[in-house]
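In: with the input below, show me the fold.
(chains A and B)
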Protein chains: 2
Amino acid sequence: MIGRLNHVAIAVPDLEAAAAQYRGALGASVGAPQAEPDHGVTVVFIELPNTKIELLHPLGDDSPIAGFLEKNPAGGIHHVCYEVEDIRAAAARLSESGARVLGDGEPKIGAHGKPVLFLHPKDFNGCLIELEEV
Amino acid sequence: MIGRLNHVAIAVPDLEAAAAQYRGALGASVGAPQAEPDHGVTVVFIELPNTKIELLHPLGDDSPIAGFLEKNPAGGIHHVCYEVEDIRAAAARLSESGARVLGDGEPKIGAHGKPVLFLHPKDFNGCLIELEEV
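Out: Modelled structure (predicted):
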């Protein structure tokens, strides 16, 4: 069912410093910061040859990653995103297996303009999983 | 400098259950458990179309991930691994930038039989980074 690893998201306390480090010391291809007010984050995409890293920083008062950075002030790996062909079928299959889909279980339009869902990290070895329909 | 994302490693408290979940509910291509006594882990590889997930479980009394699972009993994303062409050049460049290479700074032979180094998570937004020479 799951396909490509679409991205790994890393929450960072200082987006400019993190982007400069990936561009400089790590020599990666780093994009410009993109404000995503609907998702409460500013994102910097790092293009690797086979996938992406997303640097996430809170935007606005109700950011979904503010709590994560409070618990992890230095930052940390926040989630992984797997691609699926049919997100509703994926959600049904996962619910059947006993795993919890976060929120009301309905796919939302994610930061890439595609339907996404998040799965409960307690049901997946402490790993927050995003599913994105492609 | 950094190339492909070689893998994302997830430390899991129950390797058999985690492998069964990735094979079943997530429908991924999951390999057999491989004991890596030299590295203190048993590993299950999950082959995605563009990269790998490594499920890690402690093996033996001195496992490098035992402490992580003590702090995170449900498991969690442990590290990401980026490929580099020349690991000594990479280490020199990173040290020059002020980032710390873990251990004595000398590459070790990793679980894939290739030279690897780990970078200090405090210098990389709380994210443990493995570099693997390919």
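In: could you use CA atoms for every contact and neighbour count after this?
Out: Will do.
In: now do the helices in chain A.
Out: Along chain A, the stretches classed as helices by DSSP state H are A:15-23, A:66-71, A:87-96.
In: show me the one of those helices that comes nearest B:Asp61.
Out: helix A:66-71 (29.5 Å; C-alpha to C-alpha).
In: what residues sit buried inside the closest one?
Out: Neighbour counts using 16 or more other C-alpha atoms under 10 Å in any protein chain shown place A:66, A:68-69 of helix A:66-71 among the buried residues.
In: quick one: distance of stretch A:87-94 to the chain centre.
Out: 19 Å (C-alpha atoms, centre = their mean, to the nearest Å).
In: got the contact list for it?
Out: A:1, A:84, A:100-101, A:105, A:107, A:115-117, A:131-133, B:25-26 (C-alpha atoms under 8 Å, 6 or more residues apart in numbering or on different chains).
In: now with 10 Å?
Out: With C-alpha atoms under 10 Å, 6 or more residues apart in numbering or on different chains as the test, stretch A:87-94 has contacts from A:1-2, A:84, A:95-97, A:99-101, A:105-107, A:115-119, A:131-134, B:21, B:24-27.
In: likewise for stretch A:58-75?
Out: Applying C-alpha under 10 Å, 6+ apart, the set of residues contacting stretch A:58-75 is A:10-15, A:35-43, A:55-57, A:76-78, B:121-127.
In: which of the residues you listed are buried?
Out: A:10-13, A:15, A:35-36, A:39-43, A:55-57, A:76-78, B:121, B:123-127.
In: let's see which of the residues you listed end up in strands.
Out: A:10-11, A:35-36, A:41-43, A:55-57, A:76-78 (DSSP state E).
In: restrict the residues you listed to contacts with chain B.
Out: By C-alpha under 10 Å from any C-alpha of the partner chain, the members of those lying near chain B are A:10-11, A:55, A:76-78.
In: now render the residues you listed as TSV, adding pLDDT and distance to A:Arg88.
Out: Conversion of those to TSV gives the following (pLDDT from 0 to 100; distance: C-alpha to C-alpha, whole Å):
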residue	pLDDT	distance to A:Arg88
A:Ile10	98	26
A:Ala11	98	27
A:Leu55	98	27
A:Gly76	98	29
A:Ile77	98	26
A:His78	97	23
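In: ramachandran coordinates for A:Ala74?
Out: Dihedral pair for A:Ala74: phi -80, psi -10, per degrees, to the nearest 10.
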